[in-house]
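Q: need a structure here:
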Amino acid sequence: MILKNKLSDDEIRRVAELHHTLLSDGFLASFGKDFLYLVYKQIYLAVDATIIVYISNSEVVGFIAGGIGLKNIYMQLLKHPVQLCSCIIPKLLKMSFMVKLYASLTRKIRKNNTKSEIMDAELYSICVTKEYQGSFVAEALYDGLCEFFKHSNKDAFMIVVGSKLSRAQSFYIKQGATPIGSLEQGFGKQSIIFKQSV
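A: This is a model prediction of the structure:
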């Protein structure tokens, strides 16, 4: 088993597939695998972001992605208008998708401590296949992301976790993250914001 951050195109596609399969309830997954591939390709190419994969038996069994601000990633997607439109336009015709889009655009951050600042460094996503959950793969990936942020001269990063995802919350708390606030994404969907010092 190895950790790796120099990825082939096939490995980036596998990352998109894992996200689509394991985070299927999330907003980004609703765009489909081709859109996720475009997003992860831009994260991989960005100088202030990273994707780290965990490989076992020559297969990607988990990954973590993080960086400093997703805005630049999304701006880079605009340089690929044909691929982007082919992924997005069919989705815009569905009412359920428009509801999710509205909820995402109307999110409100609430901080428990008014002195806390929302960091620009953020964990974007982490996935581990079911066969490897509980085998320290997630911990190894998480440690790799902490190292990335240390080398980027960041002393902390933010994690946004759904309020109903108690297992994920327990994992982050076990890694030393602390809740600093909440985020409302419209239609009553709540998330908790954690801060991880590195």
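Q: in this protein, which spans are helices?
A: Remark: helices assigned in the chain by DSSP state H are 9-22, 33-45, 71-77, 81-92, 95-105, 137-151, 166-174.
Q: out of these, which gets nearest to E184?
A: Of all those, helix 95-105 sits nearest to E184, with 9.2 Å by Cβ to Cβ. From N, CA and C alone the C-beta is placed, and that goes for glycine too.
Q: what's the average pLDDT for the closest one?
A: Average pLDDT, helix 95-105: 52.
Q: what of stretch 165-185?
A: 91.
Q: between the helices of the chain, which gets nearest to S125?
A: Comparing these by Cβ to Cβ, helix 9-22 comes nearest, at 6.0 Å.
Q: got a list of contacts for the closest one?
A: Residues outside helix 9-22 that contact it (Cβ atoms under 8 Å, 6 or more residues apart in numbering) are 4, 7, 26, 28-29, 32-34, 36-37, 39-41, 44, 51, 53, 59-60, 62-63, 65, 125, 127-129.
Q: buried ones among the residues you listed?
A: Buried members of those, counted by 16 or more other Cβ atoms under 10 Å: 7, 28-29, 32-33, 36-37, 39-41, 44, 51, 53, 60, 62-63, 65, 125, 127-129.
Q: could you tell me the least trusted of the helices of the chain?
A: Lowest mean pLDDT of the helices of the chain: helix 95-105, a mean of 52.
Q: what strands flank the longest strand anywhere in the chain, and is each parallel or antiparallel?
A: Secondary structure of the chain per DSSP state E: the longest strand is strand 59-68. Neighbouring strands of strand 59-68 in its sheet, by DSSP bridges, are strand 49-56 (antiparallel), strand 121-128 (antiparallel).
Q: for the nearest residue to T178 once chain neighbours are set aside, give me the pLDDT.
A: The shortest distance from T178 to any non-neighbouring residue, by Cβ to Cβ, 6 or more residues apart in numbering, is to K195 (5.6 Å). With respect to pLDDT, K195 scores 96.
Q: can you pull up the bridge partners for K195?
A: Here K195, judged by DSSP bridges, has bridge partners M158, T178.
Q: what residues are up against it?
A: K195 neighbours (Cβ under 8 Å, 6+ apart): S116, M119, A156, F157, M158, I159, A177, T178, P179, I180.
Q: give me the buried subset of these.
A: Buried members of the contacts of K195, scored by 16+ other Cβ under 10 Å, are M119, A156, F157, M158, I159, A177, P179, I180.
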